[in-house]
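Engineer: Have a look; sequence and predicted model below, questions after that.
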Amino acid sequence: MTSAPARPRTSGSGGGRTWRAASGAWLGIGTAPGALVLGAQVGGRHGGALPVPVLVVGGAVMAALLAAQGRLGLREPAGENAGMADLAPRYLAPVAERAFTALLAVAMAGWFGFNVGLGGAAAAALGGVPDAVGVAVLTVPTVAVLVAGGGRWNAVAVATTLTAVALIGIVAVKLAPPASPVSLARDGPPGVLAADLAGYIGYVSVFAVRAPDFTVGLRGRRDLAACVALLVVPALAASVVGAGVAAASGSTDVVAVLAGPDGLPAANLFVAASVIAPTLAAVHSGALAANRFLPRPPDTARASDEVPRGGALPAGGTHSAEKASRAAGRGRVDGRRVVAVLAIAVPGAVLAALRVDRMLLDWLTVLAAALPALVPPMAAEFGRRRRGRAGRPVATWIWAPGAAVAVALTLAGHAAAAPVGLVVSTVATLVHAWFRRERS
């Protein structure tokens with residue numbers, strides 16, 4: 001047995017990144033146009049006003065999902081200091097890991113197409129140019145920032161998101177609702193609450209599963225809590241604004257109201273600015289997933305072969321290996337990054353230019369219902385390993401039934417599909433843990 005390698009030195013108290021270095025993606029998802037749509041839809045089920053209990057429970061569920069999965073990326077000993085592309089081989093069986101990673105890459109290309117198609121149309125309406133021109137205006141600088149690497153995209157994401165926050169404040173004043181968009185009462189049967197929760201779960205589910213990509217290297221739980229708050233609080237606030245815009249306009253399709261040719265200039269600019277951070281985050285995760293399928297340099301491949309499946313990588317994981325590789329041969333690593341980024345951005349840009357974002361939404365909704373089923377068993381396995389137990393891949397039967405139930409219910413049109421799938425996965429995780437205790 002060999003001793004563990006020394007951890008790399010990092011700046012800050014105790015080493016590692018602070019929440020500020022990761023804030024762009026979290027804040028961007030929290031203020032994306034989807035949060036407005038979510039608020040409009042939930043408010044529409046309650047007479048145009050969002051019930052406070054729904055906001056509280058929905059926020060708590062979102063925070064729990066994000067924190068449970070996000071802690072895997074934290075620095076040791078709080079987490080494993082690795083992104084999702086590195087964690088998947090440690091936690092999933094080989095076939096499931098490859099399928100999940102490929103699906104994640106495809107999904108991120110889809111989200112790129114959805115976000116850039118939406119934002120490009122808003123930019124085109126603002127400038128009076130064809131939609132394809134608006135798509136190009138968003139795509140080219142986005143890809144350039146990501147190809148440059150070095151974490152530069154976080155600052156871009158923060159700047160564009162803060163711009164979007166200011167603009168949506170203007171929109172909220174210009175399109176003020178006739179009555180308060182928030183209510184202390186909760187009307188409707190329990191099934192309505194389940195549908196409301198499904199909306200909030202679906203909104204963060206895809207990001208929650210890949211949350212380690214945006215917590216990798218963070219110092220500890222306080223930084224994770226700050227990141228979670230940066231997403232959840234703005235998302236709840238944006239959903240309130242969405243309910244208000246829907247009440248003022250009479251339409252729950254608030255993005256169409258804001259981004260239409262006759263929309264407010266500030267509203268169109270908001271939509272264009274607000275999709276940049278989610279797009280950067282999508283390509284970041286998608287490129288990490290696509291990188292798993294690219295030929296590895298010999299030194300990286302040898303290092304990977306030394307890591308047993310189900311175990312933990314040395315401190316820093318693949319991210320530390322990438323830093324070492326950059327120091328040894330920056331051109332080679334940059335070339336791989338370019339290929340991985342383009343593998344997501346090129347098909348995504350084609351989808352955006354063709355304006356298939358509305359058709360993509362149905363498929364992305366199915367995916368959003370299925371993915372949360374992975375969170376409970378991965379969180380439980382992470383807890384086992386932190387208690388000193390030997391790592392084991394998460395059995396497919398634990399999470400697959402929950403994912404299948406959620407997909408089936410989504411296709412059948414049931415609004416509560418995501419919570420039901422999450423409950424099935426949680427129950428399977430508890431049953432599996434009980435059987436393990438009985439056999440030991």
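Structural biologist: In hand now; what should we look at?
Engineer: okay, CA-based contacts and neighbour counts for the rest of this
Structural biologist: OK.
Engineer: distance between stretch 365-383 and the chain's centre?
Structural biologist: Remark: stretch 365-383 is offset 13 Å from the chain centroid, using Cα atoms, centre = their mean, to the nearest Å.
Engineer: What are the contacting residues of that stretch?
Structural biologist: Residues from elsewhere that reach stretch 365-383 (Cα atoms under 8 Å, 6 or more residues apart in numbering): 65, 68-69, 72, 91, 107, 202-203, 205-206, 208-209, 391-392, 394, 398-400, 402-404, 406-407, 410-411, 417-418, 421-422, 424-426, 429.
Engineer: That stretch: which residues count as buried?
Structural biologist: 365-382 (16 or more other Cα atoms under 10 Å).
Engineer: Which ones among the contacts of stretch 365-383 map onto helices?
Structural biologist: 65, 68-69, 91, 107, 202-203, 205-206, 208-209, 398-400, 402-404, 406-407, 410-411, 417-418, 421-422, 424-426, 429 (DSSP state H).
Engineer: ok, back up a step: now list the buried members of the contacts of stretch 365-383.
Structural biologist: Counted by 16+ other Cα under 10 Å, the contacts of stretch 365-383 give 65, 68-69, 72, 91, 107, 202-203, 205-206, 208-209, 391-392, 394, 398-400, 402-404, 406-407, 410, 417-418, 421-422, 424-426, 429 as buried.
Engineer: low-confidence ranges in the stretch 51-200 of the chain?
Structural biologist: Regions of the stretch 51-200 of the chain meeting the criterion pLDDT under 70 cover residues 150-151, 186-191.
Engineer: cutoff 50 now
Structural biologist: Applying pLDDT under 50 to the stretch 51-200 of the chain picks out no residues at all.
Engineer: And the strands in it, which stretches?
Structural biologist: 182-183 (DSSP state E, counting those that start in this stretch).
Engineer: All the helices of the stretch 101-250 of the chain, residue numbers only.
Structural biologist: For the stretch 101-250 of the chain, the helices defined by DSSP state H, counting those that start in this stretch cover 131-148, 152-174, 190-209, 212-215, 221-249.
Engineer: Turn those into a markdown table, columns for distance to Thr101.
Structural biologist: Converted to a markdown table, the helices of the stretch 101-250 of the chain look like this (distance: least, Cα to Cα, whole Å):
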| stretch | distance to Thr101 |
| --- | --- |
| helix 131-148 | 20 |
| helix 152-174 | 23 |
| helix 190-209 | 11 |
| helix 212-215 | 13 |
| helix 221-249 | 24 |
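Engineer: which of those helices is buried the deepest?
Structural biologist: helix 212-215 (a mean of 30; mean count of other Cα atoms under 10 Å).
Engineer: Show residues contacting that helix.
Structural biologist: Against helix 212-215 from outside (Cα under 8 Å, 6+ apart): 22, 25-26, 69-74, 82-84, 224, 285.
Engineer: what about burial for those, which qualify?
Structural biologist: Using 16+ other Cα under 10 Å, the buried ones in these are 22, 25-26, 69-74, 82-84, 224, 285.
Engineer: Could you dump those into a markdown table and include distance to Arg386?
Structural biologist: Listed next are the buried ones among the contacts of helix 212-215 as a markdown table, based on distance: Cα to Cα, whole Å:
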| residue | distance to Arg386 |
| --- | --- |
| Ala22 | 24 |
| Ala25 | 27 |
| Trp26 | 26 |
| Gln69 | 14 |
| Gly70 | 15 |
| Arg71 | 12 |
| Leu72 | 11 |
| Gly73 | 13 |
| Leu74 | 13 |
| Ala82 | 15 |
| Gly83 | 17 |
| Met84 | 18 |
| Leu224 | 17 |
| Ser285 | 25 |
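Engineer: Val216: which of those residues is nearest?
Structural biologist: The closest of those to Val216 turns out to be Gly73 (Cα to Cα; 4.1 Å).
Engineer: Surely that closest one touches Gly217?
Structural biologist: Yes: if you go by Cα atoms under 8 Å, Gly73 and Gly217 touch, sitting 6.6 Å apart.
Engineer: what touches both of those two?
Structural biologist: With Cα under 8 Å, 6+ apart, Gly73 and Gly217 have common neighbours Asn81, Ala82.
Engineer: gap between stretch 339-352 and the chain center?
Structural biologist: The answer for stretch 339-352 is 18 Å, by Cα atoms, centre = their mean.
Engineer: which regions of the stretch 301-440 of the chain sit below the pLDDT cut-off?
Structural biologist: 301-333.
Engineer: And Ala379, how far from Trp399?
Structural biologist: 12 Å (Cα to Cα, to the nearest Å).
Engineer: Could you do Pro130 as well?
Structural biologist: For Pro130 relative to Trp399 (Cα to Cα), the value is 44 Å.
Engineer: What of Ala194?
Structural biologist: Distance from Ala194 to Trp399, by Cα to Cα: 21 Å.
Engineer: where exactly do the strands run in the stretch 301-440 of the chain?
Structural biologist: Going by DSSP E, counting those that start in this stretch, the stretch 301-440 of the chain shows no strands.
Engineer: Break down it into its helices, ranges please.
Structural biologist: Using DSSP H, counting those that start in this stretch, helices in the stretch 301-440 of the chain cover 317-353, 357-370, 375-386, 396-411, 417-439.
Engineer: Which strands or helices does the last one pack on?
Structural biologist: The criterion is 3 or more Cα pairs under 8 Å, 6 or more residues apart in numbering; DSSP states H and E, and the helices and strands that helix 417-439 contacts are helix 190-209, helix 357-370, helix 375-386, helix 396-411.
Engineer: same thing but 7 Å
Structural biologist: Helix 417-439 is packed against helix 190-209, helix 375-386, helix 396-411, with contacts defined by 3 or more Cα pairs under 7 Å, 6 or more residues apart in numbering; DSSP states H and E.
Engineer: Correct me if wrong: Leu138 contacts Gly120.
Structural biologist: Yes: if you go by Cα atoms under 7 Å, Leu138 and Gly120 touch, sitting 6.4 Å apart.
Engineer: Ala390: neighbouring residues, count only.
Structural biologist: If you count neighbours by other Cα atoms under 10 Å, Ala390 ends up with 12.
Engineer: same thing with Arg389?
Structural biologist: 11.
Engineer: phi, psi of it?
Structural biologist: Phi and psi for Arg389, reported as degrees, to the nearest 10, are phi -80, psi 150.
Engineer: Now do the contacts for it.
Structural biologist: Arg389 makes no contacts at all, as judged by Cα atoms under 7 Å, 6 or more residues apart in numbering.
Engineer: Likewise for the one 5 residues further on?
Structural biologist: For Val394, the contacting residues are Tyr91, Leu92, Ala93, Pro377, Met378, by Cα under 7 Å, 6+ apart.
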